[in-house]
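Peer 1: quick one: sequence and predicted model below, then my questions.
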Amino acid sequence: MSDAGRTLHADGLFNGRDLGGLPVRDGGVTPSGRVFRSEGVDRLTPAGWDALHDAGIRTVVDLRAPSETAKDTGVRPDWLTTVVVDHDGLDDAPAFWSAYWETGLVGTPLYYGPHLAELPERTGAALRAVARAEPGGVLFHCAGGRDRTGIVALTLLTIAGVEPEAIVADYLVTVDNAPALLASIGVPSNEDRIEALCAEHGTTVEGAFRAALAGFDVERFTAASGLDAADLEALRTFRAPAA
């Protein structure tokens, strides 16, 4: 399935898409209509919520920090379940975060690998929420759908056996969508700044993401993530119904 075909068309979203239709290493593609990613859903219009419902989404996993979710006071449809997972864990791991916040690298893929290695339980909690959600499609998101969402997508798609090039391509869709997303809230594109930060470390945004993906040790991660065998099977199969 093309990137355009995977787009989640919902009024108020600029970076939503189905993670189905991606090629898997042993043949075939990931199932469609089961797992989605996006930026924050707090600006969805009523028509946008209807689009999520029509796509089969019944659970949203919100990866934002408490300081962000506290500002999201909009009313959500009664057919939707929201599960909040603080993916960053800023208060619990200040030593980890200080190096990234002070340098601005928290907005680049350069922190993805260290986060997965040092704070695997954070991504594990997000994936567990996806795996154990009630029946129906699941959408996970952060604010822009890029970093926290990008880390969770990287791990989920790796566990599901998606071809590495397809994982990279999916990430780059978010990079391409970023200017329009920022423009929708009146914020100039910051892509040049992010690229400059990566260049200071001898890489590019794409190169930094590729390095995070190549360095991801799925066995080490799953052992430390808190995920059990049933969770991993649900993720591997994109929540296929039990036989």
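Peer 2: Okay, I see it.
Peer 1: need the contact partners of the longest helix along the chain.
Peer 2: The residue-count maximum for a helix in the chain (DSSP state H) belongs to helix 164-184. The contact list for helix 164-184 (CB atoms under 8 Å, 6 or more residues apart in numbering) reads 3, 14-15, 17, 19, 22-23, 39, 43, 109, 144-146, 149-150, 153-154, 157-158, 188-191, 205-206, 209-210, 213-214. To be clear about C-beta, it is placed using only N, CA and C from the backbone, and glycine gets the same treatment.
Peer 1: now intersect the residues you listed with the helices, please.
Peer 2: Reading helices off the contacts of helix 164-184 with DSSP H, I get 3, 149-150, 153-154, 157-158, 191, 205-206, 209-210, 213-214.
Peer 1: and the residues you listed, which two are furthest apart?
Peer 2: The span of those, defined through CB to CB, is set by Thr158 and Glu191 at 25.3 Å.
Peer 1: looking at these two, which one has more neighbours?
Peer 2: Neighbours per residue (other CB atoms under 10 Å) separate Thr158 from Glu191, with Thr158 holding more: 17 against 14.
Peer 1: I'd assumed Leu213 was in contact with the more buried one.
Peer 2: Yes: using CB atoms under 8 Å, Thr158 is in contact with Leu213, at 7.4 Å.
Peer 1: confidence score at the most centrally placed residue in the chain?
Peer 2: Nearest to the geometric centre of the chain sits Thr149, at 2.1 Å (CA atoms, centre = their mean). Model confidence at Thr149, expressed as pLDDT, equals 98.
Peer 1: do I have it right that it meets Phe36?
Peer 2: No: judged on CB under 8 Å, Thr149 makes no contact with Phe36 at a distance of 10.3 Å.
Peer 1: common neighbours of these two, please.
Peer 2: Shared contacts of Thr149 and Phe36, defined by CB under 8 Å, 6+ apart, are found at Phe140.
Peer 1: contacts only, for the residue nearest to Leu13 when sequence neighbours are not counted.
Peer 2: Nearest residue to Leu13 in three dimensions, chain neighbours excluded: Ser38, at 5.5 Å (CB to CB, 6 or more residues apart in numbering). Neighbouring residues of Ser38 by CB under 8 Å, 6+ apart: 8, 13, 15-17, 139, 141, 145, 149.
Peer 1: could those residues go into CSV alongside distance to Arg58?
Peer 2: Shown next, in CSV, are those (distance: CB to CB, whole Å):
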residue, distance to Arg58
Leu8, 14
Leu13, 17
Asn15, 20
Gly16, 15
Arg17, 18
Leu139, 9
His141, 15
Gly145, 19
Thr149, 19
